[in-house]
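Peer 1: Need coordinates for the following:
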Amino acid sequence: MVNVVQKVDNLVDIKRVLLSVSDKTGLETLIPGLVAMNPDIQFYSTGGTYTRVSEILGGRGTAQHLMQVSDYTGQPETQGGLVKTLDFKIYLGLLTETYNEAHHADLVRTKAIPIDMVVVNLYPFVGTVTREGVTVEEARANIDIGGPAMIRAAAKNYLRVASVVDPADYALLLGKLRANRGALDLQTRFEFARKAFAHTADYDAAISAYLSTQDPEDVPGVYDIGNS
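Peer 2: Predicted coordinates:
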């Protein structure tokens, strides 16, 4: 049975942000802008994004504002970063509805927190497969799983969560937050959700288009086939 929601808040304070971006353009403006609006804001991040945000925050700001996703979930990243954000606590935090008592009981039970915004863009799949000589294995390795899942979860729950996928929107986002004293309105969250679903749809379409050009008979030749 699906949850059909009737009551939501127009303005949602942005207190907790999950960041995982391949394109790190604009973070040097976004991160200080968010901190300026909410000195208590908390960022959760992984890998190269964590490193970049740490550099931007610098010094004591890193310890105050930034946490590794693995420290939050209690689960270390899988080798090669294969599994980083695919965790119950993350998706409970993204999908929890503001006025759902059962959801909030789950937050308490799991010691999870509601996440108010995700800033996510995806592995450069198109850039990978358009390189000369790229193999199907290189293409496969550059298929992002956790990123689309986070984007879609946040976009589905635009009732409470903002899903930001385009660095070109950072200025708009900061402007909206300044106008609402650190909160984001429902209309803007919905607009971001529309763009987020278009982003993941284009991404999946690119993967499908590439795979459709590959001859299945050629694929085994890419690998050293084991006997296990």
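
Peer 1: can we go C-alpha only for contacts and neighbour counts from here?
Peer 2: Will do.

Peer 1: Residue 141 - how many residues pack around it?
Peer 2: Burial measure for residue 141: 12 neighbouring residues, criterion other Cα atoms under 10 Å.

Peer 1: Return the residues in contact with it.
Peer 2: Residue 141 sits next to no residue when contact means Cα atoms under 8 Å, 6 or more residues apart in numbering.

Peer 1: For it, give its distance to residue 123.
Peer 2: Noted for residue 141: a distance of 10 Å to residue 123, by Cα to Cα, to the nearest Å.

Peer 1: Could you do residue 58 as well?
Peer 2: 26 Å.

Peer 1: Settle it for me: which of those two has more neighbours?
Peer 2: residue 123 (19 against 11).

Peer 1: wait, isn't the more buried one in contact with residue 142?
Peer 2: Yes. Using Cα atoms under 8 Å, residue 123 is in contact with residue 142, at 6.1 Å.

Peer 1: Nearest residue to residue 147 in space, please, no chain neighbours.
Peer 2: Nearest residue to residue 147 in three dimensions, chain neighbours excluded: residue 122, at 5.9 Å (Cα to Cα, 6 or more residues apart in numbering).

Peer 1: what's near enough to touch that neighbour?
Peer 2: Going by Cα under 8 Å, 6+ apart, residue 122 touches 21-23, 144, 147-148.

Peer 1: Between those, which sits nearest residue 31?
Peer 2: When these are compared for distance to residue 31 (Cα to Cα), residue 21 wins out at 12.9 Å.

Peer 1: Who are the contact partners of that closest one?
Peer 2: Here residue 21 is in contact with 49, 119-122 (Cα under 8 Å, 6+ apart).

Peer 1: what about the helix or strand bottoming out on mean pLDDT in the chain, distance to the chain center?
Peer 2: The weakest-scoring helix or strand in the chain, judged by mean pLDDT, DSSP states H and E, is helix 59-65 (a mean of 78). With Cα atoms, centre = their mean, to the nearest Å as the basis, helix 59-65 stands 21 Å off its chain's centre.

Peer 1: Tell me how far the helix or strand just after that helix lies from the chain's centre.
Peer 2: Downstream of helix 59-65, the next assigned helix or strand under DSSP states H and E is strand 66-68. How far strand 66-68 lies from its chain's middle: 14 Å, per Cα atoms, centre = their mean.

Peer 1: cool, stretch 20-27 as well?
Peer 2: That offset, for stretch 20-27, works out to 11 Å (Cα atoms, centre = their mean).

Peer 1: Output that stretch as CSV, restricted to C-alpha atoms.
Peer 2: Output in CSV follows, covering the C-alpha atoms of stretch 20-27 (Å, rounded to 0.1, in the frame of the first residue of the first chain):
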residue,chain,number,x,y,z
SER,A,20,28.1,13.1,-3.9
VAL,A,21,29.2,14.8,-7.2
SER,A,22,31.3,13.8,-10.1
ASP,A,23,31.3,17.3,-11.4
LYS,A,24,32.6,19.4,-8.5
THR,A,25,32.1,22.7,-10.3
GLY,A,26,30.6,25.4,-8.0
LEU,A,27,31.1,23.7,-4.7
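
Peer 1: for it, what is the average pLDDT?
Peer 2: Stretch 20-27 shows a mean pLDDT of 95.

Peer 1: That one: which residues count as buried?
Peer 2: Neighbour counts using 16 or more other Cα atoms under 10 Å place 20-21, 23, 27 of stretch 20-27 among the buried residues.

Peer 1: Repeat that for stretch 128-136.
Peer 2: 128-129, 136.

Peer 1: Thank you, goodbye.
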